[in-house]
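Asks: here you go, sequence then predicted model.
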Amino acid sequence: MDGATAADGKNGYQATAWHFAGLILGNAALALGPWLVRLADTGPVSAAFWRLLLPLPLLAFLAWRARKGVALDWRVVALCLTAGTFFAFDLASWHVGIERTRLANAVLFGNSGSIILMAWGLIALRRAPSLREAGGVLTALAGAAILLGRSLDISTATFVGDLFCLAAGICYAFYLLPAQAARTTLDPWAVLTLVSLAASPLLLGMAVLAGEPVLPGTAGWTPVLLLALSSQIIGQGLLVFSLRHFPALVIGLALLTQPAIAGIVGWFVFGERLVPLDIAGMLLVGTALVLAKTPRKIGRAA
């Protein structure tokens with residue numbers, strides 16, 4: 001670990017064993033989110049509402065402690081409101097998809113925003129893709145085709161679930177664009193707080209319109225509380241702590257722990273058995289995620 005830290009230091013990274021542990025544990029905590037969504041009996045969109053609402057006091061406190069003394073202007077507020085809107089649709093679509101497809105598929109497709117952002121960047125720059133970029137997009141399409149085909153073989157319900165998770169990946173990409181722009185002015189805790197404030201009422205409205213139960217039933221508050229704790233506080237908190245200390249390649253590789261953990265949980269808890277073709281599709285999509293998160297010059301931060 002010391003050798004890696006020294007090498008990273010030449011590129012501006014100051015990673016320690018604690019940062020590496022935070023990176024892995026943060027991804028692991030996020031990977032448990034789909035399992036907790038299934039355990040909650042509030043309805044999937046309602047679970048997303050509680051996931052954002054319950055940690056708000058702590059997020060607001062962390063934002064207050066990390067404040068930079070920068071006054072909010074209409075542009076930053078508009079960016080956070082836009083990010084919150086897309087984040088609400090991302091979580092709503094993803095949580096609905098989680099209940100209809102395999103956990104590993106849900107995590108892979110839910111993280112497809114990185115690949116979509118890469119493709120979007122090429123369109124915005126109006127240039128032809130590099131060999132690496134073209135390979136990433138083609139690899140993602142091949143892996144997605146395999147996984148979607150396998151879902152259709154299982155049932156139309158899992159296929160529809162995959163589509164919901166893909167839609168979530170698209171919404172997540174368009175959440176990241178304004179959120180990253182707001183991040184140039186505000187600290188990450190402030191951005192998370194404002195995004196959660198904007199997304200929470202939208203999710204509540206969607207849950208009510210869908211006729212979902214909003215309050216927990218016989219399962220109690222434990223799954224909802226654990227979802228809020230693991231996803232918004234532990235998962236996001238550890239990633240905020242660790243991400244800036246690693247190059248994009250390491251971040252992309254660490255991201256692959258999420259579908260691996262979700263796949264193991266799905267297999268042992270829900271009997272979602274994976275065959276070699278499933279694993280091949282996941283490896284292709286996973287490779288594309290790493291390529292999407294890796295800049296052409298590895299030494300630069302993402």
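Replies: Structure's in. What do you need? Note that the structure is predicted; figures quoted are calculated from it, not measured. Numbers count the residues shown, from 1 in each chain.
Asks: low-confidence regions, this protein specifically.
Replies: Within the chain, the stretches with pLDDT under 70 are 1-13, 69-70, 121-127, 248-249, 252, 292-302.
Asks: please enumerate the helices of the stretch 201-302 of the chain.
Replies: 222-227, 236-242, 248-255, 257-270, 276-293 (DSSP state H, counting those that start in this stretch).
Asks: starting at the chain centroid, how far to the first one?
Replies: Put plainly, it is helix 222-227. 18 Å (C-alpha atoms, centre = their mean, to the nearest Å).
Asks: returning to what we had before: so which of the helices of the stretch 201-302 of the chain gets nearest residue 103?
Replies: helix 257-270 (3.5 Å; C-beta to C-beta). Any C-beta I mention is one placed from the backbone N, CA and C, and that applies to glycine too.
Asks: what comes into contact with that closest one?
Replies: 24, 27-28, 30-32, 34-35, 38, 102-104, 106-108, 111, 272-274, 282, 286 (C-beta atoms under 8 Å, 6 or more residues apart in numbering).
Asks: and it, which residues are buried?
Replies: By 16 or more other C-beta atoms under 10 Å, the buried positions in helix 257-270 come out as 257-263, 265-266.
Asks: closest to residue 80 out of the helices of the stretch 201-302 of the chain?
Replies: helix 236-242 (15.6 Å).
Asks: I'd like to know which elements that closest one is packed against.
Replies: helix 17-31, helix 188-209 (3 or more C-beta pairs under 8 Å, 6 or more residues apart in numbering; DSSP states H and E).
Asks: try it again at 6 Å.
Replies: Helix 236-242 is packed against helix 17-31, with contacts defined by 3 or more C-beta pairs under 6 Å, 6 or more residues apart in numbering; DSSP states H and E.
Asks: so what touches the helix it packs on?
Replies: 1, 230-231, 234-235, 238-239, 241-242, 245, 254, 257-258, 261-262 (C-beta atoms under 6 Å, 6 or more residues apart in numbering).
Asks: format the helices of the stretch 201-302 of the chain as TSV; extra columns: distance to residue 98.
Replies: Formatted as TSV, these follow (distance: least, C-beta to C-beta, whole Å):
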stretch	distance to residue 98
helix 222-227	11
helix 236-242	18
helix 248-255	18
helix 257-270	9
helix 276-293	16
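Asks: of all the ones you listed, which one comes closest to residue 142?
Replies: helix 276-293 (5.2 Å).
Asks: quick one, strands of the stretch 101-250 of the chain?
Replies: In order along the chain, the stretch 101-250 of the chain carries no strands (DSSP state E, counting those that start in this stretch).
Asks: show the buried residues in the contacts of helix 257-270.
Replies: 27-28, 30-32, 34-35, 38, 102-104, 106-108, 111, 272, 274, 282, 286.
Asks: next up, the contacts around residue 223.
Replies: Applying C-beta under 6 Å, 6+ apart, the residues near residue 223 are 36, 39-40.
Asks: can you select the buried ones from the residues you listed in PyMOL?
Replies: Here is the PyMOL command that selects the buried residues among the contacts of residue 223 (16+ other C-beta under 10 Å):
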select buried, resi 36+40
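Asks: what's the closest of the contacts of residue 223 to residue 193?
Replies: residue 36 (22.0 Å).
Asks: what about the closest one, distance to residue 172?
Replies: From residue 36 over to residue 172 the distance is 19 Å, taken as C-beta to C-beta, to the nearest Å.
Asks: which parts of the lengthiest helix in the chain are buried?
Replies: With secondary structure taken from DSSP state H, the chain has its longest helix at helix 156-183. Going by neighbour count (16+ other C-beta under 10 Å), the buried part of helix 156-183 is 158-179, 181-183.
Asks: circling back to that earlier point, for residue 216, find the nearest of the helices of the stretch 201-302 of the chain.
Replies: helix 222-227 (5.8 Å).
Asks: give the buried residues for that closest one.
Replies: For helix 222-227, a neighbour-count test (16+ other C-beta under 10 Å) marks 223-227 as buried.
Asks: quick check: phi and psi at the spatially most central residue of the chain.
Replies: When C-alpha atoms, centre = their mean is applied to the chain, the residue found nearest the centroid is residue 111 (5.3 Å). Dihedral pair for residue 111: phi -90, psi 10, per degrees, to the nearest 10.
Asks: show me how far stretch 103-122 is from its chain's centre.
Replies: 9 Å.
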